[in-house]
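Engineer: following is a predicted model, sequence given first.
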Amino acid sequence: MTPGTSPAPRVVGVALILIGMGATLTSMGIALDPYGRWGARLFPLAGSVALILLGAAELRQAPGTGAVERRHLPAIAALLVLSVGYVWAISAVGYLIATAVAAPAALWVFGVRRPLGLLTAAVLCPVAYHLVFFELLGVFPPLGRYVDLLDVVGGV
């Protein structure tokens with residue numbers, strides 16, 4: 001390795017490719033819907049392929065340009081905590097409440113501070129995701145353990 005170069009792009013690239021391959025195999029284990037369509041498999045597979053492609057792009061990066069910028073580490077950590085919390089919240093309080101909280105929180109991490117933008121995300125993200133996953137793909141999240149607004153909305 002020449003002075004000033006970093007192994008980070010190669011390590012990150014290989015890691016992304018391996019994670020993408022594992023995610024692809026896992027995605028293929030998701031059962032087809034009752035009509036034999038890919039439904040629930042579609043988005044995990046797209047994400048898996050995206051990880052593989054990003055890993056390949058990282059491997060092609062020019063040597064010495066992969067220095068890790070420490071200023072991004074707090075945002076990366078916040079997104080990791082948010083994603084774990086979001087998965088837990090979906091099972092605890094249901095999809096609608098969890099998404100209405102997580103969407104503006106993610107925007108906040110990315111620097112969006114306008115109240116109208118955050119409020120818009122809190123309303124539109126659950127609606128948009130509901131349309132895509134529930135209505136178009138027929139993929140339903142687990143109901144919340146403690147409360148779930150889908151019970152209230154569905155009962156009307």
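Structural biologist: Received, thanks.
Engineer: tell me the secondary structure for V139?
Structural biologist: coil (DSSP: H, G, I helix; E, B strand; the rest coil).
Engineer: can you name the residues that contact it?
Structural biologist: Listed by CB atoms under 8 Å, 6 or more residues apart in numbering, the contact set of V139 reads G39, A40, F133. Heads up, the C-betas are built off the backbone N, CA and C, glycines and all.
Engineer: list only those of the residues you listed flagged as buried.
Structural biologist: G39, A40, F133 (16 or more other CB atoms under 10 Å).
Engineer: any chance of these in a markdown table, with distance to I52 and secondary structure too?
Structural biologist: A markdown table is the format used below for these (distance: CB to CB, whole Å; DSSP: H, G, I helix; E, B strand; the rest coil):
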| residue | distance to I52 | secondary structure |
| --- | --- | --- |
| G39 | 22 | helix |
| A40 | 20 | helix |
| F133 | 23 | helix |
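Engineer: low-confidence stretches in the chain?
Structural biologist: Low-confidence segments of the chain, defined by pLDDT under 70: 1-8, 62-69, 152-156.
Engineer: quick one: the helices in it, in order.
Structural biologist: 8-28, 42-59, 73-93, 95-109, 115-129, 149-154 (DSSP state H).
Engineer: so how far is I76 from the residue nearest the centre of the chain?
Structural biologist: The centroid of the chain falls nearest to S83 when counting by CA atoms, centre = their mean (7.2 Å). Separation of S83 from I76 (CB to CB, to the nearest Å): 11 Å.
Engineer: and if you look at S48?
Structural biologist: 20 Å.
Engineer: since that was my last question, I'll sign off now.
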